[in-house]
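> Just a sequence and a predicted model for now, questions to come.
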Amino acid sequence: MERIYFDNAATTSLDNEVLQTMMPYLTDKFGNPSSIYSYGRETRMAIETARKTVAKLLNANPAEIFFTSGGTESSNTAIQAAVRDLGCSHIITSTIEHHAVSHTVEHLNNADAVTVSFVKLLPNGHIDLDDLEKLLASSQEKTLVTLMHANNEIGNILDIHAVGELCKLYNAIFHSDTVQTVGHFKIDLRNTPVHFITGAAHKFHGPKGVGILYINENVRIKPFVFGGGQERNMRAGTENIYGIVGFAKALEMAMQHTETDSTYIGTIKYYMLEQLKKNIPGVGFNGDVLGNSLYTVLSASFPKTERSEMILFNLDINNICASGGSACTSGAEQGSHVIRAVNNNPNQITVRFSFCKYNTKAEVDTVVEKLKGLV
């Protein structure tokens, strides 16, 4: 049986066109971009061209785009720098952030570098903006707000403009983990009030191990990694050239086809929602599933039975890839902190299905058919 891959929020397949763009930098064009001879200059050119491409697609200035190893490094860099270099001693965050954010905040909290406030969640899993304003208004210290643009497990999308405007009003620094939205939505950084955003190529059919950190030009921070002058003195280490070239190409392709891809993938998501409702008694959904939500993510809860407890394992045996919450924590049996925060029902088993442009309705039919037997 063909494998059915419904875990695209964890990672996507590498597009062939992206691979072809990367290949020369894995073979002939191997020069170190810091070398001054022609071999080095051609790879340096490739990096700067990629930076311009990415900046243009996100409507940013090339000087605001820094290449990193991925979303995790980007978020770590932004949050630690906000505390160390920008004087933030208070962090406002939520209980449903990705671990790249929550563990960094926890680390700073444990080191007594900051105090932490958690903004309330509404019943549908969205951030309570009134509570956010209360927290900002009552904060006596310089504050960093770190809230993700879209949740990787339940798909809820934050009103990034509303949050940015509140941060502006209260003179707070705003970092948003945009890993699930860069490459999936048009992002216009010139007109988004945010200091830091992040991206990872492998979420939109690019290579793993490469990401971006956007640092607004009005913000001055020190490097997180020391040792060389790469990335305009912001990140030491020989650049991941083929990754960087792959990031730019993948983003370019994703942005060219946003309209058609999002419409198509959305139909797959809603088709699965309808089929599950029709065929699985007692199925529920997490987050604002029909509202302000990622078109790629569907988080379903199934009634807990002896059979459904093994649901992911059984899907896997049947060659179906899905996840229980976030793939980054699979193997750790503590369950998902996000699901605990939005739906703390011990009698339900949650499965996240996440889709891409290569998925089909026929695959949904196969999966729903299998689920009928497993629940």
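Now that the structure is in, tell me what you want to look at.
> got the contact list for E239?
Residues near E239 by CB atoms under 8 Å, 6 or more residues apart in numbering: P33, T43, I47, F67, Q230, E231. All C-beta atoms are positioned from the backbone trio N, CA, C, and that covers glycine.
> That one in helix, strand or coil?
Following DSSP: H, G, I helix; E, B strand; the rest coil, E239 is assigned to coil.
> so how far is Q140 from it?
E239 sits 42 Å away from Q140, going by CB to CB, to the nearest Å.
> Return the member of the contacts of E239 nearest to L14.
Checking the contacts of E239 against L14 by CB to CB gives F67 as the nearest, at 17.6 Å.
> Can you list the helices and strands that the helix or strand harbouring that closest one packs against?
Element membership of F67, judged by DSSP states H and E, is strand 65-68. Where contact means 3 or more CB pairs under 8 Å, 6 or more residues apart in numbering; DSSP states H and E, strand 65-68 is packed against helix 38-57, helix 71-84, strand 211-215, helix 230-233, helix 241-256.
> Note down every partner strand of that strand and its orientation.
Note on strand 65-68: by DSSP bridges, its sheet partners are strand 211-215 (antiparallel).
> And S354, how close does it get to Y5?
According to CB to CB, S354 stands 9 Å off from Y5.
> more crowded one of these two?
Between S354 and Y5, S354 has the larger neighbour count (other CB atoms under 10 Å), namely 29 against 20.
> Ramachandran angles for that one?
Main-chain torsions, S354, degrees, to the nearest 10: phi -140, psi 140.
> For it, name its beta-bridge partners.
Beta bridges link S354 to D7, V297, judged by DSSP bridges.
> ok, it to P223 distance?
Distance, S354 to P223, by CB to CB: 34 Å.
> Could you find which two of the contacts of E239 are furthest from each other?
Taking every pair in the contacts of E239 and measuring CB to CB, the maximum separation is 14.0 Å, between T43 and E231.
> neighbour-wise, which of the two wins?
Using other CB under 10 Å, the more surrounded residue of T43 and E231 is T43, with 25 against 19.
> my guess is that one meets N32, correct?
Yes. Applying CB atoms under 8 Å, one finds T43 in contact with N32, separated by 7.1 Å.
> Centre-most residue in this structure?
Nearest to the mean C-alpha position of the chain, by CA atoms, centre = their mean, lies V179 at 2.3 Å.
> Can you classify that one by secondary structure?
Secondary structure, three-state DSSP: V179 is coil.
> Tell me which helix or strand L144 sits in.
strand 143-146.
> Dump the C-alpha coordinates for that strand into PDB.
Extracted C-alpha coordinates of strand 143-146, given in PDB (Å, rounded to 0.1, in the frame of the first residue of the first chain):
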ATOM      1  CA  THR A 143       8.400  43.800  28.100                       C
ATOM      2  CA  LEU A 144       8.900  41.200  25.300                       C
ATOM      3  CA  VAL A 145       5.700  39.700  23.900                       C
ATOM      4  CA  THR A 146       6.300  36.400  22.200                       C
END
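> Where does pLDDT dip in this protein?
Scanning the chain for pLDDT under 70 picks out the ranges 325-334.
> just so I have it, where are all the helices in it?
With DSSP state H as the criterion, the chain has helices at 16-26, 38-57, 71-84, 99-110, 129-138, 160-169, 230-233, 241-256, 258-279, 311-317, 337-342, 361-374.
> Tell me how this structure divides into domains.
Residue ranges for each domain of the chain read 4-12+258-374, 16-256, as given by automatic domain parsing.
> end to end, how far does the shortest one reach?
End-to-end span of domain 4-12+258-374 (CA to CA, to the nearest Å): 16 Å.
> go on, the last one?
Taking CA to CA, domain 16-256 runs 16 Å from one end to the other.
> Centre of the chain to it, how far?
Relative to its chain's centre, domain 16-256 lies at 10 Å (CA atoms, centre = their mean, to the nearest Å).
> same question, the shortest one
Centroid displacement of domain 4-12+258-374 relative to its chain, using CA atoms, centre = their mean, is 17 Å.
> Return the most buried member of the helices and strands packed on strand 65-68.
Comparing the helices and strands packed on strand 65-68 by mean neighbour count (mean count of other CB atoms under 10 Å), strand 211-215 comes out on top with a mean of 27.
> what angle do it and helix 71-84 make?
30 degrees (axes from the mean of the first three to the mean of the last three CA atoms, to 10 degrees).
> Just give me the closest of the contacts of E239 to P303.
Using CB to CB, the contacts of E239 come closest to P303 at F67, 45.6 Å.
> How far does stretch 9-16 sit from its chain's centre?
13 Å.
> State the distance spanning the first to the last residue of that stretch.
Using CA to CA, the end-to-end distance of stretch 9-16 comes to 19 Å.
> Stretch 81-97 too?
18 Å.
> and that stretch, which residues are buried?
Neighbour counts over stretch 81-97 (16 or more other CB atoms under 10 Å) mark A81, A82, V83, C88, H90, I91, I92, T93, S94, I96, E97 as buried.
> What of stretch 118-134?
In stretch 118-134, counting by 16+ other CB under 10 Å, buried: F118, V119, L121, G125, H126, I127, L129, D131, L132, E133.
> picking that back up, let me know which of the domains of the chain is tucked in deepest.
Ranked by mean neighbour count, with mean count of other CB under 10 Å as the criterion, the domains of the chain are topped by domain 16-256 at a mean of 19.
> I265 contacts T360, correct?
No. In this structure I265 lies outside contact range of T360 using CB under 8 Å: 11.0 Å.
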